[in-house]
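Build me a model:
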Amino acid sequence: MAGRDKDITPDDRALWQAATQDVTQLHPLPPEGAPTGDAFIKTKQALPKRVVVRQPAPAAVITPAPQARDLDHRTQRRLERGEMAIDAVLDLHGHKQDEAFAALNTFILRAYHAGLRCVLVITGKGRLGTGVLRARFPDWIDNPALKPVILRVVAAKGHHGGDGAFYILLRRERP
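So this is what the prediction gives:
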């Protein structure tokens with residue numbers, strides 16, 4: 001990267017400063033040397049607040065899973081209220097359907113094998129509340145490869161993305 005810096009003229013630098021003066025960073029950059037990749041971000045921090053939606057979007061249809069014996073009532077309530085600590089986030093904005101499906105599968109399975117408990121998947125609402133990724137999400141999590149590792153899926157609260165995001169409670173990996 002240092003080699004490219006010498007090719008930047010003062011006019012280019014001034015133009016870049018003018019173009020990016022109103023830009024704010026959404027997520028902190030990973031520490032130097034940290035692994036980067038397919039949006040697998042491990043975090044224990046609260047996510048930034050989202051922008052108010054112009055018109056209410058219809059809720060995505062997710063068939064509730066039958067009450068699992070290994071999920072107590074208190075955990076279920078905390079999940080539904082958005083009170084559980086989110087261990088990892090996957091943001092699918094900008095992905096095409098096949099890319100989003102592959103990223104979701106990889107993300108869920110990695111999170112499960114890493115021992116994470118609660119993850120947030122952001123599909124987005126799409127234009128006019130009819131997002132393709134959001135509409136396909138229920139089918140994707142019903143995938144036979146993911147079904148055994150997912151304990152519960154709940155639409156996220158507004159401060160975590162509302163109708164354009166979902167909390168996924170993962171089962172604990174059994175030895």
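
for the protein, what spans make up the strands?
Secondary structure of the chain (DSSP state E): strands located at 41-42, 88-91, 118-122, 150-155, 165-170.

looking at those strands, which one has the lowest mean pLDDT?
Here the lowest mean pLDDT among those goes to strand 41-42, at a mean of 51.

By mean pLDDT, flag the weakest helix or strand of the chain.
strand 41-42 (a mean of 51; mean pLDDT, DSSP states H and E).

Low-confidence regions, the protein specifically.
Applying pLDDT under 70 to the chain flags residues 1-6, 25-70, 128-129, 161, 175.

I'd like the strands of the chain laid out as JSON lines, including mean neighbour count.
(Each C-beta comes from the backbone N, C-alpha and C, glycine too.) Shown next, in JSON lines, are these (neighbours: other Cβ atoms under 10 Å):
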{"stretch": "strand 41-42", "mean neighbour count": "16"}
{"stretch": "strand 88-91", "mean neighbour count": "22"}
{"stretch": "strand 118-122", "mean neighbour count": "23"}
{"stretch": "strand 150-155", "mean neighbour count": "19"}
{"stretch": "strand 165-170", "mean neighbour count": "24"}
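
export those to CSV and tack on distance to W140?
Output for those, formatted as CSV (distance: least, Cβ to Cβ, whole Å):
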stretch, distance to W140
strand 41-42, 20
strand 88-91, 12
strand 118-122, 9
strand 150-155, 10
strand 165-170, 11
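
In the top helix by length along the chain, which residues are buried?
Ordering each helix of the chain by length in residues (DSSP state H) puts helix 97-113 first. Going by neighbour count (16 or more other Cβ atoms under 10 Å), the buried part of helix 97-113 is 100-101, 103-104, 107-108, 110-112.

Going by distance to L133, which of those wins?
Of all the buried residues of helix 97-113, A100 has the smallest distance to L133: 5.2 Å, by Cβ to Cβ.

do you know how far the residue lying closest to the closest one once chain neighbours are set aside is from Y112?
Nearest non-adjacent residue to A100, counting by Cβ to Cβ, 6 or more residues apart in numbering: L92, 4.6 Å away. Separation of L92 from Y112 (Cβ to Cβ, to the nearest Å): 18 Å.
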